[in-house]
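A.B. asks: Quick check, what structure comes out for this input:
(2 chains)
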Amino acid sequence: MSGRCSQIEPLLSELEDGTLDEARTRAVRGHLLECDACRARAEAIHTIASAAGSLGAMDPPSSMWDRIAARLDDAEIAYSRRSRLWWWWQAFRRPLYYGGGALAAAALVLVLYLRDRRVDVAPAPRPAPTSPQALLDEALAEIERAESGYVSAIDDLRAIAGEEKAKWPAAMREEFDKNLADIDAAVERLRAAARRAPGNLQAQEALYASYRRKIDYLQEAVVRGGVQASERGAR
Amino acid sequence: MKIKVAEADQALIEACRQGDRRAMEALYHRFKRRVFSMVARIAGAQDAEEVAQEVFVRIFRGIAKFRGESALDTWVYRLTVNAALTHVGRRPARLEGEDALAQLPAPAGPVRDPRLAARLQSALGDLPAGYRAVMVLHDVEGLSHEEIAEILGCSVGTSKSQLHKARGRMRELLKLGDVQ
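C.D. replies: Okay, the predicted model is just below:
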């Protein structure tokens, strides 16, 4: 292949597809008029592209939809066979999130009240409706009320996990205990931080997020354990 | 995020998301021939039905997460090509290049040179899978390089150069365009 042909050859496909710019189209066509080898290559590409374009679409077997529908049915049936924990969680999670949201909103109102109060009180001290300590106590009480919702959910889940755990493989039980200990340690750290600064919304949200993470983990662990146990049972 | 789904497709997608079996069947009938043909030509006719079934199951499972970043057709073809190429990657090497495509039923569309078309169909199986995918999408299915780039997640330039190489390899396989 000559130097010119080497330059032309990579452009033959684009010439066939009509995607080459005008200047190069003219140059390539000019070369094809005087080069038999490149003309033969261009014609071959045209033949291949035309033959490929003439290959029609193929019909799948007429029963294919029935088989797909059967697979979809099987998947739906399998999905409905969830553990009682899953059904419990579906019923519980929305109120829990809404409750968390309402408490966060209440905490925000409290923080705004504390901030505004400081501005009002500074220039001309006057008897406050409530002492700062009382407001802090109120903020702490809010955190405790929010926590009690999460703790109650976690206690229920731990009770279910405690029953299910006996069916899990030993390695899974060990992993579960270790992970739960790590999560508990994180929850404790965030709890201490939230109590040190009861008006700090970020600290509160981090604490609530850690409770939700713990709930998610317990739920996942029980479901996963159930699946493994049923697989072992099937074998 | 730019939504690229045609308005007419929105209702069909929403109904499929809700699990409406009639909508799912309508979507199946709309894409069945193209999906099956692509799969048969990229992954091989012997496993075409199995892989095409898998493609549709993935479509119906994934449609809840389909956010319209691409057109519905492009999304369906992306799932199709991915499933077909994954299947080729998993298949034992001895099946590569097998002449199974030649045993496919006669194509439904018009064929100007039936013998060449049959040879080409057979030779497609001997192309490397990546070349085969680009050639099927461009020359057989008539998609643009822009669409192919979106489906395969590559640049337009890569799609063009892959097609050129695929056609060159096909020329060798069919022994076309050799001037002594």
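
A.B. asks: When you work out contacts or count neighbours from here on, use the C-alpha atoms and nothing else.
C.D. replies: Fine.

A.B. asks: quick one, phi/psi of B:G68?
C.D. replies: Per-residue torsions, B:G68: phi 80, psi 20 (degrees, to the nearest 10).

A.B. asks: for the helix ranked longest in chain B, packing partners?
C.D. replies: Longest helix in chain B, counting residues (DSSP state H): helix B:21-43. Judged by 3 or more Cα pairs under 8 Å, 6 or more residues apart in numbering or on different chains; DSSP states H and E, the packing partners of helix B:21-43 are helix B:7-17, helix B:48-62, helix B:72-90, helix B:129-135.

A.B. asks: Which among the ones you listed is found nearest to B:R34?
C.D. replies: helix B:72-90 (8.5 Å; Cα to Cα).

A.B. asks: measure B:Y131 to B:A45 for me?
C.D. replies: In this view, B:Y131 and B:A45 are 17 Å apart by Cα to Cα, to the nearest Å.

A.B. asks: what do you get for B:A23?
C.D. replies: Taking Cα to Cα as the measure, B:A23 falls 28 Å from B:A45.

A.B. asks: Neighbour count for those two, which is higher?
C.D. replies: B:A45 (24 against 18; other Cα atoms under 10 Å in any protein chain shown).

A.B. asks: worst-scoring helix or strand of the chain, pLDDT-wise?
C.D. replies: All of this is about chain A. Scoring the helices and strands of chain A by mean pLDDT, DSSP states H and E places helix A:84-121 at the bottom, with a mean of 71.

A.B. asks: that's the wrong chain, I wanted chain B
C.D. replies: Result, chain B / mean pLDDT, DSSP H and E: helix B:114-124, a mean of 85.

A.B. asks: so does that one get close to chain A?
C.D. replies: Yes. Contact of helix B:114-124 with chain A is found when judged by Cα under 8 Å from any Cα of the partner chain, involving B:L116, B:A117, B:L120, B:Q121.

A.B. asks: Between those residues, which sits nearest B:I13?
C.D. replies: B:Q121 (33.8 Å).

A.B. asks: give me the number of residues near that closest one?
C.D. replies: By other Cα under 10 Å, the residues close to B:Q121 number 21.

A.B. asks: gap between the spatially most central residue of chain B and A:C35?
C.D. replies: Centroid-nearest residue in chain B, with Cα atoms, centre = their mean: B:M38, separated by 3.2 Å. Separation of B:M38 from A:C35 (Cα to Cα) stands at 37 Å.

A.B. asks: got it, and A:A171?
C.D. replies: From A:A171 to A:C35 the distance is 73 Å (Cα to Cα).

A.B. asks: cool, B:Y28 as well?
C.D. replies: Distance of B:Y28 to A:C35, given as Cα to Cα: 49 Å.

A.B. asks: Looking at the two, which one has more neighbours?
C.D. replies: B:Y28 (18 against 13).

A.B. asks: Now B:R167: closest residue in space that isn't a chain neighbour?
C.D. replies: A:I45 (6.5 Å; Cα to Cα, 6 or more residues apart in numbering or on different chains).

A.B. asks: Measure how the helix or strand hosting that neighbour sits relative to helix B:114-124, angle-wise.
C.D. replies: Secondary structure assignment for A:I45, by DSSP states H and E: helix A:36-54. Calculated by axes from the mean of the first three to the mean of the last three Cα atoms, to 10 degrees, helix A:36-54 forms an angle of 90 degrees with helix B:114-124.

A.B. asks: I'd like to know how many residues surround A:S80.
C.D. replies: A:S80: 10 neighbours (other Cα under 10 Å).

A.B. asks: residues in contact with B:P128?
C.D. replies: Shown in contact with B:P128 (Cα atoms under 8 Å, 6 or more residues apart in numbering or on different chains): no residues.

A.B. asks: Relative to B:L85, how far out is it?
C.D. replies: On the measure of Cα to Cα, B:P128 and B:L85 end up 11 Å apart.

A.B. asks: try A:A91
C.D. replies: Counting by Cα to Cα, the gap from A:A91 to B:L85 is 42 Å.

A.B. asks: Have a look at those two and say which one is more surrounded.
C.D. replies: Per other Cα under 10 Å, whichever of A:A91 and B:L85 has more neighbours is B:L85, with 19 against 10.

A.B. asks: got a list of what that one touches?
C.D. replies: B:L85 neighbours (Cα under 8 Å, 6+ apart): B:I42, B:A43, B:A129, B:G130, B:A133.

A.B. asks: Most neighbours among those, which one is it?
C.D. replies: B:I42 (31 neighbours).

A.B. asks: list the contacts for that residue?
C.D. replies: Per Cα under 8 Å, 6+ apart, neighbours of B:I42: B:V81, B:A84, B:L85, B:V88, B:G125, B:A129, B:R132, B:A133, B:V136.

A.B. asks: what do you get for A:L108?
C.D. replies: Applying Cα under 8 Å, 6+ apart, the residues near A:L108 are A:L201.

A.B. asks: any idea how far it is from chain B?
C.D. replies: Remark: distance between A:L108 and chain B (Cα to the nearest Cα, to the nearest Å) = 32 Å.

A.B. asks: How much space separates that residue from A:V187?
C.D. replies: A:L108 is 21 Å from A:V187, by Cα to Cα.

A.B. asks: For chain B, give me its nearest residue in chain A.
C.D. replies: Of all residues in chain A, A:G56 sits closest to chain B, at 4.0 Å by Cα to the nearest Cα.

A.B. asks: What backbone torsions are found at that residue?
C.D. replies: Residue torsions, per degrees, to the nearest 10, at A:G56 are phi -80, psi 170.

A.B. asks: since we're on it, how many residues are nearby?
C.D. replies: Other residues near A:G56 come to 18 when the count uses other Cα under 10 Å.

A.B. asks: so what pLDDT did the residue lying farthest from the centre of chain A get?
C.D. replies: Relative to the centre of chain A, and counting by Cα atoms, centre = their mean, the farthest-placed residue is A:E34 at 61.4 Å. pLDDT, A:E34: 92.

A.B. asks: just B:L104 next, same as before
C.D. replies: In this prediction B:L104 is given a pLDDT of 40.

A.B. asks: mind listing what's buried in stretch B:77-87?
C.D. replies: By 16 or more other Cα atoms under 10 Å in any protein chain shown, the buried positions in stretch B:77-87 come out as B:Y77, B:R78, B:L79, B:T80, B:V81, B:N82, B:A83, B:A84, B:L85, B:H87.

A.B. asks: just these now: which is nearest A:R213?
C.D. replies: B:L79 (33.0 Å).
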